[in-house]
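Enquirer: generate a structure from the sequence data that follows.
(chains A, B and C)
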Amino acid sequence: MYKKLKNKIIINNTKDFCPTHIFECGQFFRYKKSKNVFEILSKNYQAKIIEQNDSIEIKSDNVDYFEEFFDLNTNYQLIKKSLNKDAILKPAIEFGYGIRILKQDLFEMIISFIISANNNIKRIQNSIEYICKTYGTKCNEFYAFPTSSQLVKADETSFKLAGTGYRARYLVDTISKINSNEFDLQYLNTLPTNEARKYLITLSGVGPKVADCILLFGMHRLDVFPVDTWIEQSYKSYFSNDNISRNSISKLLCEKYKELAGYAQQYLFYYQRSFIKKGTKDEKTK
DNA sequence: AGCCAGGCCCATT
DNA sequence: AATGGGCATGGC
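Expert: Okay, here's the model as predicted:
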């Protein structure tokens, strides 16, 4: 459980909330870590997450936003208990026990995950930070994520300066569609997951995987299973099936994990990526 | 130095 | 519907 005060939230149950797991499992890009403090930015809000001995403090002027952002009223014990029955997920959950799926801003997720395609996380973070500093509203010590009307002023050259490479023209096209309301975010929110997925894919730079990330992180639709290179590697290492497509993997695992698919995917992604980072690919046994 | 990254677009089949 | 080549550019 947690305690909500005027300018901070105190979390005592640290086995369902680990800042490192939450921010480094690939769902979130705007954070900086120093010692035991994460400084995080979402939309036009800021918070500092402070790890103490047996508790965690979320300091912010907008505690209501971050209470929702961290999805503090969802019981992760139940989710993990259910997913732990799966032999493949068990070690992944043990490793990333403190992961939570954040409730992030939809427009911010669309832009961020268009940038993410065939890219690495460091470079994605740098591009997003540049875009915020160049086009976002300055709020004291930080820059907000720009709105669509702020970003519509950026052209292809500007996005290349941000380091987004060939995705620059996708961004220009998609931002224009959203800002003109030719693509309707409100309507998107009313659609069931499969319909919303199809609609998202009509956006330039949005394919099946990016759409799934937008659904999962920007719309909190948990019945999706984004398959990227890491998940593909993971799947093939377990099932040694080299000729299966990413779409088929996604379909299969959605059917397997159903309404918990999004959670399952995050545990697996974080687990798989941890091996490569340490260069201990072969440590994983079966 | 050279391969790879939270894949997508587009042309073929 | 499924497959494959091309793609910008920084990280490691």
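
Enquirer: ok, the residue of the stretch 1-150 of chain A found nearest DNA strand B - how many residues close by?
Expert: Closest to DNA strand B within the stretch 1-150 of chain A is residue A:26: 3.0 Å, counting by Cβ to the nearest atom of the strand. Bear in mind the C-beta positions are built from the backbone N, C-alpha and C, glycine included. Residue A:26 has 19 neighbouring residues, counting by other Cβ atoms under 10 Å.

Enquirer: need the pLDDT of it.
Expert: Listed pLDDT for residue A:26 reads 95.

Enquirer: tell me the secondary structure for it?
Expert: Secondary structure for residue A:26, judged by DSSP: H, G, I helix; E, B strand; the rest coil, is coil.

Enquirer: do I have it right that it meets residue A:269?
Expert: Yes: using Cβ atoms under 8 Å, residue A:26 makes contact with residue A:269 at a distance of 5.6 Å.

Enquirer: tell me who's in contact with the residue of the stretch 1-150 of chain A closest to DNA strand B.
Expert: Residues in contact with residue A:26 (Cβ atoms under 8 Å, 6 or more residues apart in numbering) are A:121, A:266, A:269, A:270, A:273.

Enquirer: again, but for residue A:153
Expert: With Cβ under 8 Å, 6+ apart, residue A:153 has these contacts: residue A:135.

Enquirer: distance check, it against residue A:265.
Expert: Residue A:153 sits 35 Å away from residue A:265, going by Cβ to Cβ, to the nearest Å.

Enquirer: now residue A:85
Expert: 17 Å.

Enquirer: same question, residue A:64
Expert: Per Cβ to Cβ, residue A:64 is found 28 Å from residue A:265.

Enquirer: give me the more crowded residue out of the two.
Expert: residue A:265 (28 against 11).

Enquirer: was I right to think residue A:224 contacts residue A:262?
Expert: Yes: between residue A:224 and residue A:262 there is a contact under Cβ under 8 Å: 5.8 Å.

Enquirer: overlap in contacts of the two?
Expert: In contact with both residue A:224 and residue A:262: residue A:216, using Cβ under 8 Å, 6+ apart.

Enquirer: ChimeraX command for the buried members of the contacts of residue A:26?
Expert: To isolate the buried members of the contacts of residue A:26 in ChimeraX, using 16 or more other Cβ atoms under 10 Å:
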select /A:266,269,270,273
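
Enquirer: from the contacts of residue A:26, which are also near DNA strand B?
Expert: Residues of the contacts of residue A:26 in contact with DNA strand B (Cβ under 7 Å from any atom of the strand): A:121, A:266, A:269, A:273.

Enquirer: narrow these to those in helices?
Expert: Here DSSP state H is the test, and these give A:121, A:266, A:269, A:273 as lying in helices.

Enquirer: which residue, other than its chain neighbours, is closest to the first one?
Expert: For residue A:121, ignoring the flanking residues on the chain, the nearest one in space by Cβ to Cβ, 6 or more residues apart in numbering is residue A:26 at 6.6 Å.

Enquirer: list the contacts of residue A:243.
Expert: No contacts exist for residue A:243 under Cβ under 8 Å, 6+ apart.

Enquirer: and what of residue A:85?
Expert: Applying Cβ under 8 Å, 6+ apart, no residues qualify as near residue A:85.

Enquirer: contact partners for residue A:100?
Expert: So residue A:100 contacts A:16, A:17, A:22, A:70, A:71, A:74, A:76 (Cβ under 8 Å, 6+ apart).

Enquirer: so it: helix, strand or coil?
Expert: Residue A:100 ends up coil, using three-state DSSP.

Enquirer: from DNA strand C, how far off is residue A:101?
Expert: Remark: distance between residue A:101 and DNA strand C (Cβ to the nearest atom of the strand, to the nearest Å) = 24 Å.

Enquirer: DNA strand C: which of the ones next to DNA strand B among the contacts of residue A:26 is nearest?
Expert: Out of these, the member with the shortest distance to DNA strand C (by Cβ to the nearest atom of the strand) is residue A:121, at 8.0 Å.

Enquirer: spatially nearest residue to residue A:151 (excluding sequence neighbours)?
Expert: According to Cβ to Cβ, 6+ apart, the nearest residue to residue A:151 is residue A:175 (4.9 Å).
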